[in-house]
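> pasting the sequence and the predicted coordinates here, then a few questions.
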Amino acid sequence: MEGQQKRSIFIVDDEEPIRKVLNTHLTKEGYGVIQSPGGPSVFDMLRSNSFDLVISDIRMPEVDGIKVLEFVRESFDSVPVIMLTGLNDISIAVDVMKKGAFDFIMKPVRKEDLMNVVRKALANRDLRLRNKELELENREYQLFLEQKVRERTKELNSKAMELQKAYGILKSMNIQFINVLAETIEAKDRHTSGHCNRMRQVCVGLGRLAGLNPEELEILEYASLLHDLGKIGINEAILNKEGPLTEEECRHVKEHSLIGEKILIGIPLMEQVARIIVAHHENFNGTGYPRNLKGEEIPFAARIISVADLYDAMSSDRPYRKGLPLEVVVEEMKRVAGTQLDPGLVNLFLESKVYQFSRG
């Protein structure tokens, strides 16, 4: 057969009649045959020829079949070896199979047995070679994938850096825009000059100490700057009134929390900010406004803003009074901890001296 003519079989046997029988059977089936009587020269012949299968006798003078098997296994790991054995050498034949022989054939050799074992051995060799090819292809593919992953990772890292840079620019623009809004708020209420920026510094400092993550800190930063946004909708005459407010004026001022929420609630990225600023006048015991929230019902960021807002209101100068001394402010904050303010945040604020962030 055309496929079988490409196969070459190396026969090692010190008995010439046996070699002739094997040669006759194999060549009639289209195989190429290389013959060797064995001895020390067999190793040189094995090195200098190309073959697909070795058939070797076990018992031979000088160099026995086990040495031939060991040499082939070491030098040509994909070439199967079939051992020839006599009836009395069955135990030896089993032993050589443990050493790596593919199979053995009993003497005298029957053509049917020979061809059956030869076909199985060559099929096994083809399978092992194909497995090696697949392993090589798999390794090459893995290397290809690893290279692609490295290239893709580099590309993604580059994109991530670009996005981070773009995000930084966007955040800077947001802060600038929000600062403009904060300055607009302060322009309406001359009593609160610099209040929003001080709130930003104190709130972010307290939020960081409280364990907020970067995303939460960013939301808190926006909310601290915009917490009084709703004052845009409050009458300036009321905001700048020197004396005490009437009940009606107080109700009007208290609307600024809801006004601020209404301004921001439909703006992308500002939904969380809206929920915080509407609650920054809620009291910890539920007596605040506009919704009488209490304790954990009040957003954590809003509770932070409440602490900072009270501190800044008492410590800052007003047209009708100077800023209160630190010890007076501290005592008042301790007094309202648990009623107006979150007691845990008050303790953190005072113990860590967060108020120092508003200086400079």
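Thanks, I have the structure now.

> only C-alpha atoms from now on, for both contacts and neighbour counts.
Fine.

> following the helix-or-strand element of the chain with minimal mean pLDDT, which helix or strand comes up?
For the chain, the helix or strand with the lowest mean confidence is helix 2-5, at a mean of 44 (criterion: mean pLDDT, DSSP states H and E). Once helix 2-5 ends, the next helix or strand along the chain (criterion: DSSP states H and E) is strand 8-12.

> what's the offset of that next one from the middle of its chain?
Between the centre of strand 8-12 and the centre of its chain there are 56 Å (CA atoms, centre = their mean, to the nearest Å).

> which elements pack onto that strand?
Where contact means 3 or more CA pairs under 8 Å, 6 or more residues apart in numbering; DSSP states H and E, strand 8-12 is packed against helix 16-28, strand 32-36, strand 53-57.

> can you tell me which of those comes nearest to Leu293?
In this view, the helices and strands packed on strand 8-12 are compared for proximity to Leu293 by CA to CA, and strand 53-57 is the closest at 88.2 Å.

> got a list of contacts for the closest one?
Defining contact as CA atoms under 8 Å, 6 or more residues apart in numbering, one finds that strand 53-57 is touched by 8-14, 64-65, 68-69, 79-85, 121-122.

> hmm, 7 Å instead?
Strand 53-57 has contacts (CA atoms under 7 Å, 6 or more residues apart in numbering) with 8-13, 65, 79-85, 122.

> same question for stretch 292-306.
Defining contact as CA under 7 Å, 6+ apart, one finds that stretch 292-306 is touched by 203, 220, 224, 276-277, 279-286, 341-342, 345.

> which parts of that stretch are buried?
Neighbour-count burial for stretch 292-306 flags 292-295, 298-306 (criterion: 16 or more other CA atoms under 10 Å).

> then stretch 228-243?
Neighbour-count burial for stretch 228-243 [16+ other CA under 10 Å]: 228-232, 234, 238-239.

> which one of those sits closest to Ile18?
Proximity to Ile18 was ranked across the buried residues of stretch 228-243 by CA to CA; first place goes to Leu229, at 106.2 Å.

> ok, so of the buried residues of stretch 228-243, who is nearest Asp312?
Distance ranking of those against Asp312, using CA to CA, places Asp228 first at 13.4 Å.

> contacting residues around that closest one?
With contact set as CA under 7 Å, 6+ apart, Asp228 has these partners: His256.

> would you list the phi and psi of it?
The main-chain torsion angles of Asp228 are listed as degrees, to the nearest 10 and equal phi -100, psi 20.

> what are the boundaries of the helices in the stretch 251-360 of the chain?
In the stretch 251-360 of the chain, helices defined by DSSP state H, counting those that start in this stretch lie at 256-264, 271-277, 300-315, 326-336, 343-351, listed in chain order.

> okay if I get those as CSV plus distance to Leu46?
Written out in CSV, the entries for these read as follows (distance: least, CA to CA, whole Å):
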stretch, distance to Leu46
helix 256-264, 87
helix 271-277, 81
helix 300-315, 83
helix 326-336, 97
helix 343-351, 85
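
> show me the shaky parts of this structure.
1-5, 87, 89, 166-167, 169-175, 177, 179, 182-193, 318-321, 358-360 (pLDDT under 70).

> so what are the domain limits for it?
The chain is divided into the following domains under automatic domain parsing: 2-134, 189-358.

> next, the angle strand 8-12 makes with the strand or helix carrying Glu137.
Element membership for Glu137, per DSSP H and E: helix 111-188. An angle of 120 degrees separates the directions of helix 111-188 and strand 8-12 when computed by axes from the mean of the first three to the mean of the last three CA atoms, to 10 degrees.

> so what does helix 111-188 touch, helix or strand wise?
In terms of contacts (3 or more CA pairs under 7 Å, 6 or more residues apart in numbering; DSSP states H and E), helix 111-188 is packed against helix 214-226.

> report all helices and strands that the helix it packs on contacts.
In terms of contacts (3+ CA pairs under 7 Å, 6+ apart), helix 214-226 is packed against helix 111-188, helix 195-209, helix 271-277.

> and for the shortest one, what's in contact with it?
When contacts are taken as CA under 7 Å, 6+ apart, the neighbours of helix 271-277 outside the stretch itself are 219, 222-223, 227, 257, 260-261, 264-265, 299, 301-302.

> can you pick the most crowded of these?
Of the contacts of helix 271-277, His227 is surrounded by the most neighbours, 32 neighbours in total, counting by other CA atoms under 10 Å.

> who's the closest spatial neighbour of it, skipping the chain neighbours?
Leaving aside its sequence neighbours, His227 sits nearest to Ile277 (CA to CA, 6 or more residues apart in numbering; 4.8 Å).

> thought Leu264 was touching Met270?
Yes - shown here, Leu264 and Met270 form a contact pair, counting by CA atoms under 7 Å, at 5.9 Å.

> looking at the helices and strands packed on strand 8-12, which one is packed in the most?
strand 53-57 (a mean of 26; mean count of other CA atoms under 10 Å).

> quick one: it to chain centroid distance?
Strand 53-57 has its average C-alpha position 55 Å from the chain's average C-alpha position, going by CA atoms, centre = their mean.

> can you start the count at 4 instead of 1 from here on
Okay, using 4 as the starting number, the last item reads as strand 56-60.
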